[in-house]
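A.B. asks: Structural data only, the sequence is not supplied:
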């Protein structure tokens with residue numbers, strides 16, 4: 001995939017969340033990635049993050065507000081996941 005395409009996907013999907021994390025020293029990107037890994041099961045994701053389920057749900061609500069995330073829209077969820085993967089792979093290099 002061309003670098004321009006990756007940048008476009010990243011900017012239109014998760015960049016606002018990454019910026020929020022940097023500005024507020026939070027871990028919302030990690031929270032969202034774990035949520036995907038746990039197939040959107042809040043209880044399991046909260047356990048993986050070692051936080052209370054209500055704390056986890058508050059984080060997800062904040063993420064939904066920042067990204068205007070619609071969890072009932074598969075295309076939007078896929079786009080966000082794609083952006084997450086691009087971001088996480090770029091942090092490894």
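C.D. replies: Received, thanks. These numbers come from a predicted model, not from an experiment.
A.B. asks: which ones are touching the residue nearest the centre of the chain?
C.D. replies: By Cα atoms, centre = their mean, the chain has its centre lying nearest to residue 32, at 3.5 Å. For residue 32, the contact set (Cβ atoms under 8 Å, 6 or more residues apart in numbering) comprises 14, 17, 60, 63, 80, 84. In this view, the C-beta of every residue, glycine as well, is placed from N, C-alpha and C.
A.B. asks: Check whether the first one really touches residue 83, as I assumed.
C.D. replies: Yes - using Cβ atoms under 8 Å, residue 14 and residue 83 qualify as a contacting pair, with a distance of 4.0 Å.
A.B. asks: Name the surrounding residues that touch the longest helix along the chain.
C.D. replies: Longest helix in the chain by number of residues, with DSSP state H as the criterion: helix 74-92. Applying Cβ under 8 Å, 6+ apart, the external contacts of helix 74-92 come out as 6, 9-10, 12-15, 18, 29, 32-33, 36, 67, 69-71.
A.B. asks: and it, how far from the chain's centre?
C.D. replies: When distances are taken as Cα atoms, centre = their mean, to the nearest Å, helix 74-92 is centred 8 Å away from the chain's centroid.
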